[in-house]
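> Test case, fold it:
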Amino acid sequence: MTKQHLYHLSHIDLDGYGCQYLTSMSFKHAHFYNANYGPEVKARLEEIVGQLERDLFLDNTIDPLILITDLNLTTKEGHYIEREVQRLGATLQLLDHHASGASAAEKFDWYLLDTSRSATQITYDWLQELYGFDAEVQYKQIVKGINAVDIWLDKEPLFEYGKVMLGMISGAREINRVMFPEQDRAFKLTLIEAGRERIGAKDAPILLDDELHQIKKAFFIEAKNNTKDTLVAFYVTRLLTQQKQRLEISYMGYKGILGYNVGNTSIIGNTFLVENPDMDFYMDVNYRGNFSLRSNNKLDVSLMAAKIGNGGGHPNASGGKIKDYKDSFVYADVRKFVQNYIHRMSMEST
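The predicted structure is shown next:
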């Protein structure tokens with residue numbers, strides 16, 4: 001175990017989470033972040049800088065390491081994070097294998113680019129070299145499987161197993177990663193661990209594929225078994241209840257919460273309102289600005305939908321669309337935009 005505080009940004013596919021799976025075993029103090037390519041990378045880098053500033057304010061003796069894996073940065077992004085790292089006194093390391101990052105790699109000595117290995121393999125080798133990771137060789141095979149599929153070594157023995165894991169992670173959409181990034185990441189790392197446990201079994205790709213449904217259900221079961229959709233709905237509802245202060249919005253004196261791209265609104269929204277009688281409505285908005293509303297006889301959400309989104313429906317179940325909706329990769333920004341929009345539209349229509 002290292003005494004460093006890790007701030008680890010990685011991609012949102014199997015290879016990206018594979019890197020975080022390894023570092024989660026290596027660092028006692030760690031913050032994890034994930035991004036797809038494009039503007040989300042800069043948004044997550046800014047999140048890391050903000051978190052590091054807060055941590056240093058509380059304890060200026062920490063030794064921070066910012067690690068970026070399975071993501072190539074633009075030169076502009078590279079200069080930004082390099083400046084911030086120098087300002088904050090942190091260490092910076094990037095481990096990647098995408099050839100599209102070659103121009104940036106030439107400019108920064110902290111940018112390790114190797115197109116012959118997956119990011120998970122690069123991270124594994126890096127952890128072994130610097131921290132003596134995996135002395136008992138528990139993770140070598142799972143790394144080989146991820147490496148084989150990510151750089152498409154279809155003749156490798158573990159390629160087919162890697163294919164099953166690839167679909168396993170890309171299909172793990174049960175938890176919204178923007179709203180609940182920690183829980184979504186924990187779910188995916190649990191799936192990778194389940195993959196590691198089965199990799200040496202007979203007919204391992206078939207076994208993992210056959211057992212995947214039960215592996216997923218096991219993550220969401222708390223008290224008793226049920227269908228996976230119901231288990232997920234109750235799990236997400238519990239998260240909404242636990243974090244309702246962070247999610248709270250208001251409309252003309254009524255209290256509600258805002259979900260982002262949660263889906264399954266009828267089950268989740270109604271369950272949440274039954275379990276939280278102090279709340280008057282539930283709203284879920286997607287990345288296009290389409291929204292669903294639910295109430296439990298406390299607010300006529302058909303009127304609310306008409307006021308704020310040219311929508312309508314039933315008194316307890318309605319929907320509409322936010323005009324000129326501005327999406328974000330950061331939930332707090334989505335909530336702020338929607339709350340300001342609701343306030344403005346409700347004032348204009350009174």
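
> And the next helix or strand past the top helix by length along the chain?
Longest helix of the chain, by residue count under DSSP state H: helix 39-58. Using DSSP states H and E, the helix or strand that follows helix 39-58 in sequence is strand 64-69.

> contact partners of that next one?
Where contact means Cβ atoms under 8 Å, 6 or more residues apart in numbering, the residues beyond strand 64-69 that reach it are 4-11, 16, 19-20, 23, 48, 52, 55-56, 81, 85, 88-96, 119, 122-123. (Glycine included, C-beta is placed from N, CA and C.)

> ok, now stretch 240-253?
The set of residues that contact stretch 240-253 without belonging to it, under Cβ under 8 Å, 6+ apart, is 179-180, 255-259, 262, 268, 272, 275-276, 279, 281, 283, 299, 304, 308, 335, 338-339, 342, 346.

> now stretch 267-280
With Cβ under 8 Å, 6+ apart as the contact definition, stretch 267-280 has outside contacts at 229-230, 233-234, 236-237, 240-241, 244, 254-257, 259, 262, 281-282, 284, 292-296, 298-299.

> ok, so what distance separates the closest residue to residue 153 other than its chain neighbours from residue 189?
Here the nearest residue to residue 153 in space, its sequence neighbours aside, is residue 159; by Cβ to Cβ, 6 or more residues apart in numbering that works out to 6.1 Å. Taken as Cβ to Cβ, to the nearest Å, the spacing of residue 159 relative to residue 189 amounts to 22 Å.

> mind listing the helices in the stretch 151-300 of the chain by residue range?
In the stretch 151-300 of the chain, the helices defined using DSSP state H, counting those that start in this stretch lie at 159-170, 181-198, 204-220, 228-242, 244-247, 265-275.

> Is it possible to get these out as JSON lines so that each row also shows distance to residue 114?
Formatted as JSON lines, the helices of the stretch 151-300 of the chain follow (distance: least, Cβ to Cβ, whole Å):
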{"stretch": "helix 159-170", "distance to residue 114": "19"}
{"stretch": "helix 181-198", "distance to residue 114": "22"}
{"stretch": "helix 204-220", "distance to residue 114": "27"}
{"stretch": "helix 228-242", "distance to residue 114": "38"}
{"stretch": "helix 244-247", "distance to residue 114": "40"}
{"stretch": "helix 265-275", "distance to residue 114": "43"}
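
> Export these as TSV, with columns for mean neighbour count, mean pLDDT and distance to residue 35.
Formatted as TSV, the helices of the stretch 151-300 of the chain follow (neighbours: other Cβ atoms under 10 Å; pLDDT from 0 to 100; distance: least, Cβ to Cβ, whole Å):
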stretch	mean neighbour count	mean pLDDT	distance to residue 35
helix 159-170	20	98	15
helix 181-198	19	98	10
helix 204-220	16	97	23
helix 228-242	19	93	21
helix 244-247	14	96	21
helix 265-275	19	91	26
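
> The ones you listed: which one's closest to residue 129?
helix 181-198 (21.4 Å; Cβ to Cβ).

> what's the closest one packed up against?
Contact analysis of helix 181-198 by 3 or more Cβ pairs under 8 Å, 6 or more residues apart in numbering; DSSP states H and E lists helix 14-24, strand 27-34, helix 140-150, helix 159-170, helix 204-220 as its packing neighbours.

> now the third one: mean pLDDT?
The predicted model assigns helix 140-150 a mean pLDDT of 98.

> quick one, domains of the chain?
Per the record's domain assignment (automatic domain parsing), the chain is made up of the domains 2-220, 236-348.

> so what's residue 37 up against?
If a contact means Cβ under 8 Å, 6+ apart, then residue 37 has 11, 71 as its contacts.

> In a strand, it, correct?
No. Secondary structure of residue 37 (DSSP: H, G, I helix; E, B strand; the rest coil): coil, not part of a strand.

> So what does it have for phi and psi?
The phi/psi pair for residue 37 (degrees, to the nearest 10) reads phi -70, psi 160.

> quick one: stretch 83-99 to chain centroid distance?
With Cα atoms, centre = their mean, to the nearest Å as the basis, the distance from the averaged C-alpha position of stretch 83-99 to the chain average is 21 Å.

> again with stretch 24-33
Centroid separation for stretch 24-33 versus its chain: 15 Å, with Cα atoms, centre = their mean.

> buried sites along that stretch?
Within stretch 24-33, the residues that count as buried by 16 or more other Cβ atoms under 10 Å are 24, 26, 27, 29, 30, 31, 32, 33.

> Would you agree the first one is in contact with residue 186?
Put plainly, it is residue 24. No. Here residue 24 lies out of contact with residue 186, judged by Cβ atoms under 8 Å, at a distance of 9.3 Å.

> one step back: for ChimeraX, what selects the buried ones among the contacts of stretch 240-253?
A single ChimeraX command selects the buried members of the contacts of stretch 240-253 (16+ other Cβ under 10 Å):
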select :179,180,255,256,257,258,259,262,268,272,276,279,281,283,299,304,308,335,338,342,346
